[in-house]
Structures are given as structure tokens and as C-alpha cells.
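Chemist: just to be clear, the model below is a prediction. Sequence and coordinates:
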2 protein chains.
Amino acid sequence: MDSGKDTAPIDLDIRPILAAKGIPFTRQRRDVWRYFLDSERAATIPEAVEDLAPRGIGQATVYRTVTLLAELGLLHRVQDRAGEVCYTAIRVGHRHPLICGECRRVVGFSGNNDLSELQRRLESETGFSIYGHHLEVYGICPECQARGIDL
Amino acid sequence: MDSGKDTAPIDLDIRPILAAKGIPFTRQRRDVWRYFLDSERAATIPEAVEDLAPRGIGQATVYRTVTLLAELGLLHRVQDRAGEVCYTAIRVGHRHPLICGECRRVVGFSGNNDLSELQRRLESETGFSIYGHHLEVYGICPECQARGIDL
DNA sequence: CCATATGTGAGAACTATTATCGCCTTGTGT
DNA sequence: ACACAAGGCGATAATAGTTCTCACATATGG
């Protein structure tokens, strides 16, 4: 429940979100969601499969659920320095991930509104109808720096 | 062999880039690069494999070359609305892709310097040592809108 | 508590990606 | 231009990742 580190005590309860779309709230979906929510670092699907197997959650279910959550905008797809595709839970509000390319630790931050300004500029310049954006910032976290890992 | 003296002017000549790293410039590498450069839309690797096969370029070579070009920062990895991972050629300068989530048409734009400001802010707030960022803007291009595709 | 629709797990099937290995091309020195 | 050494190339095999199928279990509404 209490994962509050920073300011917002954001333990996002997905039950109402699923209910609003008529999607049943199952133990497996709750566990997969909490797996990503409780972890501070992004995980690949195979990793999630392995970690969730002891809880009796099947491989196919992890794939299905991660895809579902990503479609609902609850998980964010990122990649580490090796190019591995990982997923990380997204918090409420308009937040973006700052990812350690080495250990995949993820810290969320709020984008300023420069982006909506940019978005408007692009819409008028290109005629595109913009539905979203993806901003990911990559770096090396303090702990990995302390381990001697450099840019 | 049809690889005659094709001295046509290329937008971005990667030969010096490869030469600087001691990487041989082969016909296949040129063709793969031009495939992405000439196309306005992002393509998946399997698509590139299929399109380049008639030119006698093998599957393994496409994988190798796309990986190489991506590592050199010449190709950018993006994804469409269906979550398909695609690649698109990157132009010189600090540019970001504006991608049509439907047809994958890609238009580059220059990011403003708000991002470097944001980057500095994040470095001091989080202690991360930041090495880069990824900004992708997604929308529906005018042509797809004209086709009746909506957000 | 029952009925019904839907999600789930195990494994098969399929697709994508990487490794292997002789042959061939590129780049360099003469 | 020519030859040689280094390394890339294509075809195939092997592996890894993802999706599909179906009998069964579980969540939701009455």
C-alpha cells in the first residue's frame, strides 16, 4: 500500500479503472500490476514471467496482462542501454520516466508545460493531429555511479 | 552483379562515418541505410528483410546492419499504435521524430532547448548523471485523417 | 448461491532473433 | 592494377520471445 517516497502517496488502485471498462478484476491482474508498481525498476516480460511464476501466474497471463495494462496507459514501455524492452508502472498525473540505463531504476518526474506548447506548434506546422508523446530521460543513477559505472 | 558505378548523390553519406570507425562500407550496408533514408515511414526489421530480399540482401545481414546503424545513432527506434517496434533514419542535428501512429510516416523536428534546462534540473534533483533523452511525439498525419482515421 | 461470461494455465505453434560456417568482398600495400 | 589479409555475407540451424488453443476455474450480476 504505502509506497510513498516523494510527495504523492500514489498507490494507484486499478480496480475502478478496470471496472469502468467492464474488465474483471482478478488476482492475477492485481499481482501483475503490483509487481510493476512495487518495483522501482523497469522489468522485461520474461523477467516478470519468472518472478510471478512462484505465485502461480502463467506465462500467457503475464503477456496478456502486460499488454492490457500498457493499452490502458498504466505501464510505460522503455528500454535500457542494451536495448532491452522493459515496462514500468506509470503514476497518475502527467509524469515521465527517468531511467537508469544500467540498473533500470526508474524515477518519475513531471514534465513542464513546454511540451504542450511544442505540441501545439507541431500541430499547426505539420497538420498532424497529436494524441500523445513519449519523453524518456536516460542516465546513470547515483548508486550505479558509486559502483564505478560511467557514461 | 549489378553493383556498377552508382555515384548518385546521397542525402547523408555514411561512408565517412563508418570509415572513421574502421568499419568497411559494403553494398549491403549502403542499401539498408538507403532503404530507411529513402522511406518516409518507419519500418520493422521483418519488413525491411522482406523489402531488401529482392536486392539479394540476407535476413541476418539486415538484423546485423540495423543493429549496427542503431548503435551508431543513425537509426531511431520507435513504435506505432499497435506497439510494433520500428526503425527510422535520423537526420543530422538534434532532431526528434513526430510519428503517425497509423501509417508510421515520420517527420523530424528540432527540439527546443527546454529539454537541456529540464535535464539540468533533473540532474541536481536526482543525482542522476544524464546521458540522453528520447522524445517522440505521436499523432495522426493529415493523409490518414483524410482517410477518416480518428484519434 | 447459482448461472453465465470471461479469464486462466499448460503446452503447442508460430514468429522473431541470434549463432554458425564456408565463400566472397572490401580495404590496404605494393 | 594486383594480391593478400581481414572481415562481412548468405543460408541454415538453433534459440528465444510471443501468440494461440482449449478444458477448467473464477469473477460478477441476479
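Modeler: That came through, no problem.

Chemist: packing partners of the lengthiest strand in chain A?
Modeler: Counting residues, the longest strand in chain A under DSSP state E turns out to be strand A:129-140. The contact analysis (3 or more C-beta pairs under 8 Å, 6 or more residues apart in numbering or on different chains; DSSP states H and E) places strand A:129-140 against strand A:95-100, helix A:114-126, helix B:114-126, strand B:129-140. For glycine as for every other residue, the C-beta is placed from the backbone atoms N, C-alpha and C.

Chemist: now the element after that strand, going C-ward?
Modeler: Per DSSP states H and E, the first helix or strand lying C-terminal to strand A:129-140 is helix A:142-146.

Chemist: what bridges to the residue nearest in space to the middle of chain A?
Modeler: Residue closest to the average C-alpha location in chain A (C-alpha atoms, centre = their mean): residue A:88, at 2.6 Å. Residue A:88 has these beta-bridge partners by DSSP bridges: residue A:76.

Chemist: show me what from chain A comes close to DNA strand D.
Modeler: A:19, A:24-27, A:44-46, A:59-60, A:63, A:67, A:85 (C-beta under 7 Å from any atom of the strand).

Chemist: ok, and which of the residues you listed reach DNA strand C?
Modeler: For DNA strand C, the contacts drawn from the residues of chain A next to DNA strand D by C-beta under 7 Å from any atom of the strand are A:24, A:26, A:59, A:60.

Chemist: any figure for the gap between the last one and residue A:68?
Modeler: Taken as C-beta to C-beta, to the nearest Å, the spacing of residue A:60 relative to residue A:68 amounts to 12 Å.

Chemist: what sits against residue A:35?
Modeler: A:43, A:48, A:51, A:52 (C-beta atoms under 8 Å, 6 or more residues apart in numbering or on different chains).

Chemist: can I get the buried part of these as one ChimeraX selection?
Modeler: Here is the ChimeraX command that picks out the buried ones among the contacts of residue A:35, judged by 16 or more other C-beta atoms under 10 Å in any protein chain shown:
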select /A:43,48,52
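
Chemist: so which of the contacts of residue A:35 is the closest to DNA strand C?
Modeler: The closest of the contacts of residue A:35 to DNA strand C turns out to be residue A:52 (C-beta to the nearest atom of the strand; 8.5 Å).

Chemist: next SSE after the helix or strand harbouring the closest one?
Modeler: If you go by DSSP H and E, residue A:52 is part of helix A:45-52. Next in sequence after helix A:45-52, counting helices and strands by DSSP H and E, comes helix A:59-71.

Chemist: who touches that next one?
Modeler: In contact with helix A:59-71 (C-beta under 8 Å, 6+ apart) are residues A:14, A:23, A:28-29, A:32-33, A:36, A:45, A:48-49, A:52-53, A:75-77, A:87, B:83.

Chemist: just the buried members of these?
Modeler: For the contacts of helix A:59-71, a neighbour count by 16+ other C-beta under 10 Å gives the buried set as A:14, A:28-29, A:32-33, A:36, A:45, A:48-49, A:52, A:75-77, A:87.

Chemist: the helix holding residue A:52 - contacts with which helices or strands?
Modeler: Looks like helix A:45-52 contacts helix A:27-38, helix A:59-71 (3+ C-beta pairs under 8 Å, 6+ apart).
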